[in-house]
Structure formats: structure tokens, C-alpha cells
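Enquirer: Following is a predicted model, sequence given first.
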Amino acid sequence: MPKRARCPHCERLFNRDALDIHIQKCKNRSQTSQASGKSSQKRKLVVDGNNIAHSLSPRGKPKAQNLTLAYHSLTGAGYDLVFVISAALVHKIDNPGMLSAFMLSANVVEAPRGTNDDIRIIQLAKKLDANIVSNDRFLDWIDQYPWITSRLRKYRMTPAGLILAK
């Protein structure tokens, strides 16, 4: 059975081979409706920045470009975002300048040094009543926070951006 993923704009399921074409059409429709004055309330997401940065990265080196692509994909789909990154990511990233610029332009929360960024993600998601975007399963935290499984949104990273899956 072919893998299916959700359109970040309309939340409909598609086979992956048809998804990219649909996303472009859906994105154009949403831009047209926004230009005509129609607006909907933004949905909140807490994004696991470390997980996104490490996605598709060669030799485990996190990529700052992934964060930028994810930001543009999700904000274009109408989401209100909060990125959470660890203090260690700043020292490991492939392009520290791009990360600094991203941190200035996006809503980024840096987990304090010596703390687990997963717990910061969970706390923010609970406080904001938001879903979590990550391919992490948060197995260490499910017993303490059983609601995580219902709010966890998986994703697929592509060269064009991030696609939310269900």
C-alpha cells in the first residue's frame, strides 16, 4: 500500500506521488483567499527544531536550511509556530549565521543548557494547547504525559519544504 501524507493547507490525505502537485494548487488557493480578505484562526504548532535540523542531514550534521524550509512551509499553510531548539544545536549546526538569522526572524525558544529540549517542547505544547511537529516518539515521556500521542504530528522533509503526515 502506498504511503499517504496530509496536505499542510487543507489536511486532506494524498498518495505521496500526488501530494506535491496538490500542495502547489492548495497553496495558490490559500494565497488567493488571503489576498481577498478571508482569514481563519491560525493553528498552533510547537516544532522540534533539533529533529527538523537533523532530518536528511548527511553524517548527522544538522542543517540550518531545514529549519528555514520548515518555517516557510508551515507558515505558508497558516500555522502559528514556536520552534524549540537545544543550546547544543548552536554549536553543531552546519551554518551558524543562517541559524542566528532564523532565530531573529522566527519565534524560537532555546532550551537552557543542561536541560532536555523534549520537556521544554512538551511544556510549551501543553501551555499553548498546541500540537507537536516531530518524528521523535517521546517514549521517555508518554507515561508522564499520555496526551502526547494524540498531539504528535509526524512530517516528511523534502527539498521543497516540510510536509505534515498523519
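Expert: On my side now, so go ahead.
Enquirer: Let me know the next secondary structure element after the lowest-mean-pLDDT helix or strand in the chain.
Expert: The helix or strand of the chain with the lowest confidence, counting by mean pLDDT, DSSP states H and E, is helix 16-35 at a mean of 67. Later in the chain than helix 16-35, the nearest helix or strand by DSSP states H and E is strand 43-48.
Enquirer: could you pull out the strands for the protein?
Expert: Remark: strands assigned in the chain by DSSP state E are 4-6, 13-15, 43-48, 79-86, 108-111, 131-133, 152-153, 155-158, 161-164.
Enquirer: for the third one, packing partners?
Expert: In other words, strand 43-48. Here strand 43-48 touches helix 64-76, strand 79-86, helix 117-128, strand 131-133, going by 3 or more Cβ pairs under 8 Å, 6 or more residues apart in numbering; DSSP states H and E. In this view, the C-beta of every residue, glycine as well, is placed from N, C-alpha and C.
Enquirer: try 7 Å
Expert: The helices and strands touching strand 43-48, judged by 3 or more Cβ pairs under 7 Å, 6 or more residues apart in numbering; DSSP states H and E, are strand 79-86, helix 117-128, strand 131-133.
Enquirer: Which residue is the nearest non-sequential neighbour of Phe102?
Expert: Leu67 (5.3 Å; Cβ to Cβ, 6 or more residues apart in numbering).
Enquirer: Tell me how far Leu67 lies from Asn50.
Expert: 10 Å (Cβ to Cβ, to the nearest Å).
Enquirer: okay, those two: which has more neighbours?
Expert: Leu67 (28 against 24; other Cβ atoms under 10 Å).
Enquirer: Hmm, the more buried one is touching Asp48, no?
Expert: No - using Cβ atoms under 7 Å, Leu67 makes no contact with Asp48, being 10.7 Å away.
Enquirer: out of the strands of the chain, nearest to Phe102?
Expert: strand 108-111 (7.0 Å; Cβ to Cβ).
Enquirer: Who are the packing partners of that closest one?
Expert: Right, strand 108-111 is packed against strand 79-86, helix 117-128 by 3+ Cβ pairs under 7 Å, 6+ apart.
Enquirer: and among these, the most buried is which?
Expert: Among these, strand 79-86 has the highest mean neighbour count (mean count of other Cβ atoms under 10 Å), at a mean of 22.
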